[in-house]
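**Student:** Mind folding the following:
(one chain, ligands or ions: 1)
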Amino acid sequence: MIAERWRAARSSVPPGHLDAAGCNVPSDRVLDAMVSHLRRERERGGYAAVPGFTAPRSALAALTGAGAADVAFLESGTAAMAALLGGWRLRPGARVGFTRAEYGSTLMLLRRLAGERGWTLAELPADDHARLDLDALSAALRHGLDLVTLPHLPSHRGTAQPVREIGRLCREAGVPLVLDVCQSLGHVDVTGAGATAYVGTSRKWLAGPRGVGFLIVPGLTGDMDAPAPTLGGHVWLPDPPPGMPPGMPPGMQPGPVTRPLPGAARYESSESAVAARVGLGVAVLEHHALGPAEVRAHLAGLGAAARHTLDGRGGWRVVEPYEEPSAVVTLRPPPGADAVRTAAAAAGAGLLVSVAPVARAPLDLREPVLRVSPPPGTPQETLDALARFLDGC
Ligand SMILES: *Cc1c(COP(=O)(O)O)cnc(C)c1O
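**Tutor:** Presented below is the predicted three-dimensional model:
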């Protein structure tokens, strides 16, 4: 049912496409809405053409249990994470918990911020599948953490974290949780995690266009702001601002001061690729129309089928448990084979798979792995074709 409806919404789906986790296939309505918006910008003037975004913001936020005012659009998941962590006023000496499955660019960012601001990074113990050890998390929370960051589903493994339990433990300890849902939103159930903030991207399982990411911040506090104030997300206050105690806080410049707008708007700037946001909005509404739970069940089925079909073919071995409820399937090469060459050869044979290079998760990956991520509606024949291709490598 989902398969037919997904394909019907697309006048063409590239045959052999097995890279939804890299860049999914947007629907015709997504593309049409973007092109129409660009035409409206030309005809009416860009500023006059800006549509209301409340419905798409609500629809996106609802996937996590948050509300429209909690959503900020940015240009990528990476940019959203940089805005969130870069603007978080953690005290010097703050301890940030993370796992070895952390996404490469988030890890770069954490290390940069830790060096500059005196934060300490605390790697949390995880099992063979990089799944966080809940007892170890409890103990670490008791010993004092100021923040926990975690990819729900990493880029290089099809294994999902138990985010409900993790969210509950963090809330009980009063420690904010940042959940990277770039690979999970629209794919694996995120509801019930109750995170402080979610970081996501448009083009993967939500099947929106490239060039949009987002933050969802239901747990926003006064310590959280954009790393740089913008005219879109901040206002000038009169001098002296109402309610400001007498005497300037240290480091504050004389003259008018700025304040972030309420809610997630503080993370947005006034200029953006509006057409891309329009496209994401349509994609999210379509996702709701398909039924998020039905899409998840369909993708879990595709993941299981792909693991059964591919494991052992040409000596390539599936990394994650077969029954993992995700459609991200990673394959470790047999001796003498390599994922980069194999993915390039597969592309030549009309099969689009991707490689997760070591840089994607440098603390967890030892060698590049092949990543197969079928979009909804992928026929079994495509998986069979990939299996035969691996046999012949
Ligand atoms: C893709 C991805 C990101 C980064 O998102 P971009 O939009 O590519 O910047 C972050 N974390 C995970 C787990 C991802 O898969």
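
**Student:** ok, which residues in this protein are in contact with the ligand?
**Tutor:** The chain comes close to the ligand at residues 76, 77, 78, 103, 151, 154, 155, 180, 182, 183, 201, 213, as judged by CB under 6 Å from any ligand atom. C-beta here means a position set from N, CA and C on the backbone, and glycine is covered the same way.

**Student:** Model confidence for the fourth one, exactly?
**Tutor:** Residue 103 is assigned a pLDDT of 98 by the prediction.

**Student:** quick one, what contacts the nearest residue to it once chain neighbours are set aside?
**Tutor:** Using CB to CB, 6 or more residues apart in numbering and skipping residues adjacent in sequence, the residue nearest residue 103 is residue 151, 5.4 Å away. Residue 151 sits next to 99, 101, 102, 103, 106, 161, 180, 182, 183 when contact means CB atoms under 8 Å, 6 or more residues apart in numbering.

**Student:** For residue 108, give me its contacts.
**Tutor:** By CB under 8 Å, 6+ apart, the contact list for residue 108 is empty.

**Student:** which one's the longest helix in the chain?
**Tutor:** Longest helix in the chain, counting residues (DSSP state H): helix 292-310.

**Student:** can you pull out the helices in the stretch 101-250 of the chain?
**Tutor:** 104-117, 134-143, 163-173 (DSSP state H, counting those that start in this stretch).

**Student:** Now do the residue lying closest to residue 195 once chain neighbours are set aside, the pLDDT please.
**Tutor:** Closest residue in space to residue 195, ignoring its immediate chain neighbours: residue 179 at 4.0 Å, by CB to CB, 6+ apart. At residue 179, the pLDDT value in this model is 98.

**Student:** Settle this for me: residue 179 is touching residue 199, isn't it.
**Tutor:** Yes - contact between residue 179 and residue 199 holds when scored by CB atoms under 8 Å: they sit 7.3 Å apart.

**Student:** So for these two, which sits in the more crowded spot?
**Tutor:** Counted by other CB atoms under 10 Å, residue 179 and residue 199 do not tie: residue 199 has more neighbours, with 32 against 28.

**Student:** Identify the residues contacting the more buried one.
**Tutor:** Going by CB under 8 Å, 6+ apart, residue 199 touches 77, 80, 81, 84, 178, 179, 180, 181, 182, 213, 214, 215.

**Student:** That one bridge partners, please.
**Tutor:** In this entry, residue 199 is beta-bridged to residue 180, residue 215, by DSSP bridges.

**Student:** circling back to that earlier point, would JSON lines of the residues of the chain next to the ligand with distance to residue 308 be doable?
**Tutor:** Below are the residues of the chain next to the ligand laid out as JSON lines (distance: CB to CB, whole Å):
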{"residue": "76", "distance to residue 308": "34"}
{"residue": "77", "distance to residue 308": "30"}
{"residue": "78", "distance to residue 308": "34"}
{"residue": "103", "distance to residue 308": "28"}
{"residue": "151", "distance to residue 308": "25"}
{"residue": "154", "distance to residue 308": "22"}
{"residue": "155", "distance to residue 308": "23"}
{"residue": "180", "distance to residue 308": "28"}
{"residue": "182", "distance to residue 308": "26"}
{"residue": "183", "distance to residue 308": "21"}
{"residue": "201", "distance to residue 308": "29"}
{"residue": "213", "distance to residue 308": "33"}
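
**Student:** Thanks again, I'm all set now.
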